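# Can you look at this prediction? I've put the sequence above it.
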Amino acid sequence: MSVVAQSPKRRGKQQHQAALRLLAANPQGLAEGLLAAHGVTIEDMVALVQAGLATAMGERVRAGDRVIEVAIVKITDAGRKAIGQCEPIA
């Protein structure tokens with residue numbers, strides 16, 4: 001059985017596509033920690049935002065008796081077009 005290695009560029013593109021599909025399925029956005037739990041790296045999130053395929057916005061949320069700030073990442077219209085999806089998934 002042989003294993004074919006993918007180039008880092010191709011692997012990165014596949015990771016970005018997977019992240020965009022995850023974001024498309026969650027139009028309200030996902031916290032960066034949840035994306036990380038799904039294997040999306042901070043570098044991937046930054047690349048998507050810099051490419052205009054996603055946005056990231058800080059939000060304050062209550063965690064027990066503390067208020068913390070988390071980044072919420074959302075797909076953009078350009079991100080939807082990049083994966084061939086025109087309409088948000090409801």
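Ah, there it is.

# avg pLDDT for stretch 36-44?
Averaging pLDDT along stretch 36-44 yields 95.

# could you dump that stretch to PDB, C-alpha only?
Provided in PDB are the C-alpha atoms of stretch 36-44 (Å, rounded to 0.1, in the frame of the first residue of the first chain):
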ATOM      1  CA  ALA A  36      -9.800  25.100  16.700                       C
ATOM      2  CA  ALA A  37     -11.500  22.000  18.200                       C
ATOM      3  CA  HIS A  38     -12.400  21.100  14.600                       C
ATOM      4  CA  GLY A  39      -8.800  21.300  13.500                       C
ATOM      5  CA  VAL A  40      -8.800  24.800  12.100                       C
ATOM      6  CA  THR A  41      -5.600  26.600  13.100                       C
ATOM      7  CA  ILE A  42      -5.300  30.200  14.000                       C
ATOM      8  CA  GLU A  43      -3.100  30.600  10.800                       C
ATOM      9  CA  ASP A  44      -5.900  29.200   8.700                       C
END
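
# What residues sit buried inside it?
Val40, Asp44 (16 or more other Cβ atoms under 10 Å). Every residue, glycine included, has its C-beta placed from N, CA and C.

# Now do that stretch: everything it contacts.
Residues from elsewhere that reach stretch 36-44 (Cβ atoms under 8 Å, 6 or more residues apart in numbering): Gly12, Gln15, His16, Ala18, Ala19, Leu22, Glu32.

# Okay, and which of those residues map to helices?
Among the contacts of stretch 36-44, the members falling in helices (DSSP state H) are Gly12, Gln15, His16, Ala18, Ala19, Leu22, Glu32.

# which secondary element of the protein has the worst mean pLDDT?
The weakest-scoring helix or strand in the chain, judged by mean pLDDT, DSSP states H and E, is helix 8-24 (a mean of 82).

# by contact count, what packs against it?
helix 32-37, helix 42-50, strand 54-63, strand 66-75, helix 77-82 (3 or more Cβ pairs under 8 Å, 6 or more residues apart in numbering; DSSP states H and E).
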